[in-house]
Each structure stands twice: as C-alpha cells, then as structure tokens.
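Undergrad: heads up, no residue letters with this:
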C-alpha cells in the first residue's frame, strides 16, 4: 500500500475510537468552562497536553483549589502508563527519524496506542506503517481538540450538560479495547488482579492506586504465563 | 496566567513520559520486561474501568441497581464479548447507558 492509502486506512480504523472520544471531549470542555478556564485555556489544554483522563481529573482538582504541585504530580502519576505504551511501541518507532518519533510520542494516547498496537500485531513491521500510525494519531487528535472546543461553547448553552454522565464514553471505549484482549487465562487473571487492586486502593492520594493496580495486573499475568510455560514443557519432558 | 503555567507543566510532563522510550531507539528489553508489556493495556485500562463502574464519583461505592455506570458497563462488556466489534461496543454501550439513565429519570431532560 502507498503512504496515502495507509494514512487514510488509519483514519478509517480510528472511527470507532472517535465515537468514544467525542462525548468525552464534550464533557471535558463543559467542565473546564465551569471550572473557570477561559475558552483558550480549555482548548489549549486539549491542544498542548492531549491526555483525556489526566485533563478530566485535573479539572476537578482546579475546582477543589489544589496546589500546582499536587496538579503536576497527579498528571505525572495518571500518565505514567504512557511509559509502558512508549516501551511497547518502541521497537516500531526506533527506525523512524527523530521528528517522527517526537510527533508520534506527543500523540500517544490510550486510543491511538490500542489501534496502532493492533495493526502491528496483525501486520507486523511493514514498511511505511508509520503513515498508518500518523493517520490514526492525527485524526483522533483533531477529534479531541474539536470536541473540547464544542464542549466549552455548548457547555453554557445546554443546561446541566455536566450531569449527563458523558464520561461513560471513556469506560465504554476502554472496555471495547480490553475485552478482545482477554483471550487466555493470564490475560483474564491480569484484568481481575488489576481491577481488584484498583478497588482496594481507590482512596490513595494522587491516583497512586492506578499504578499499584497496573503493576499488580502485569505481575499476575507474567507469573501465570511463566507457570503455564513451565508446566507445558514439563509435560513434554515426561511424555 | 497561572493556569497557562500549569498547562505547560502538564504538557512537559506528559510529553516526557510518552517520549521516554522513543528517545533510545537502540534499547532492547530483557524477555521478562517484554513479557510484562503484553499485559499493559489489559491491566492499566481495567484499573481505570472497574472503579469507574463501581465508584462513579470516585469516592463512594455505588453497588445498587440505580447505578447506570455499573449496569451499562456490564452490558458493554457483554456486547464486547459477543460482537468483538469496537464500534458496536462503544456505540451500543453509550446507547444502553443513556437509555438507562433516561428511564431512571437521571437525565436532566
């Protein structure tokens, strides 16, 4: 496929994610306006930070009058998961020129990661695949920024838009990403462990529980996978 | 003005985290780490979703039948498992969520 074909295929494959991002951007814009950010600050945050769940949490911290240190620390912890995404996609990004790596890193969100990671799983490291990545990343970015803008503008016009529960769109999107991944026991166990630890640690400050839960899930998955491999090779030895 | 400083601070932190491993193209990971990376999306996203369903406001448990986040979340999981189709999951999940909230009188319309 040509660059252009891959780019547009990336845009097409992003459509479902865009359906989930749109309501979430709307609710972010609405809440940002209500929290006292100007139109440009709210849109600027989407434009420059581009991290939906962190932006969502920070807006509530603004409302609660949290200090700058707390806000930046929370951003750091909530977004730590992106180091793991960065590590996962690093083998595919390592061949690209630096300006590509900078741009694609800036656009590395949960949704972009999910779509691009799936592409590499299915098609391997084919040449020009970064044009597909670019199509996914740029279209979801545009979608996020525009829906934030519309959220700020309409947030005042539509009464109680903040209480509609539009943030459920993020849960639906993440469920849509995770459930198809649960194909074997270690993956299911990783999900159960992460969910359970997240519930036990939800009251930890600065969303630290999120990382505790993530690492518990990863550890359980790896231990089970290794045990499965060990029993399998053990059986082969005895047969 | 201070909001702008916070926004640029958040931008710097987020970018550094996302770029972190792209900065070393020659780095390769030991097998244990590579194995662990297979569980990253599952663990991270589940850790966000489960509390989002059971404690929608982030502070209080809502284990009851008037919690649309929980009911629609379970419905979304079912749709995802049955269809394995992302658009059907996200669109269907949102539809169930708003129908439930509307039927329970939780929407301000």
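TA: That came in fine, so what should we check first? A quick note: this is a predicted structure, and the numbers were derived from the prediction, not measured. Numbers count the residues shown, from 1 in each chain, chains lettered A, B, ... in the order given.
Undergrad: Could you use CA atoms for every contact and neighbour count after this?
TA: Fine.
Undergrad: for chain B, which spans come out with low pLDDT?
TA: Along chain B, the model assigns pLDDT under 70 to residues B:1.
Undergrad: er, chain A actually
TA: For chain A, applying pLDDT under 70 flags the ranges A:236-239.
Undergrad: quick one: the residue most central in space within chain A from chain B, how far?
TA: The residue lying closest to the centre of chain A (Cα atoms, centre = their mean) is residue A:110, at 1.8 Å. For residue A:110, the distance to chain B equals 8 Å [Cα to the nearest Cα, to the nearest Å].
Undergrad: List the contacts of that residue.
TA: Counting by Cα atoms under 8 Å, 6 or more residues apart in numbering or on different chains, residue A:110 makes contact with residue A:82.
Undergrad: Let's see that with 6 Å instead.
TA: Listed by Cα atoms under 6 Å, 6 or more residues apart in numbering or on different chains, residue A:110 has no contact partners.
Undergrad: for residue B:25, same thing?
TA: Each residue near residue B:25 by Cα under 6 Å, 6+ apart is listed here: residue A:94.
Undergrad: What residues does chain A have near chain B?
TA: Residues of chain A that fall close to chain B, judged by Cα under 6 Å from any Cα of the partner chain: A:16, A:45, A:48-49, A:82-83, A:86-87, A:90, A:94, A:105-106, A:164, A:171-174, A:176, A:178, A:190-191, A:194-195, A:198-199, A:213-214, A:217-218, A:222.
Undergrad: Mark out where each domain of chain A begins and ends.
TA: A:3-164, A:182-238 (the TED database).
Undergrad: Nearest to residue B:53, out of the ones you listed?
TA: Proximity to residue B:53 (Cα to Cα) singles out domain A:182-238 among these, at 10.4 Å.
Undergrad: what about the closest one, distance to the chain center?
TA: Between the centre of domain A:182-238 and the centre of its chain there are 19 Å (Cα atoms, centre = their mean, to the nearest Å).
Undergrad: Next: stretch A:30-45.
TA: For stretch A:30-45, the distance to the chain centre is 21 Å (Cα atoms, centre = their mean).
Undergrad: Stretch A:47-60 too?
TA: For stretch A:47-60, the distance to the chain centre is 12 Å (Cα atoms, centre = their mean).
Undergrad: how about that stretch: buried residues?
TA: A:47-59 (16 or more other Cα atoms under 10 Å in any protein chain shown).
Undergrad: buried residues in the longest helix anywhere in chain A?
TA: In chain A, assigned by DSSP state H, the helix with the most residues is helix A:208-238. Across helix A:208-238, burial judged by 16+ other Cα under 10 Å covers A:208-225.
Undergrad: All set now, cheers.
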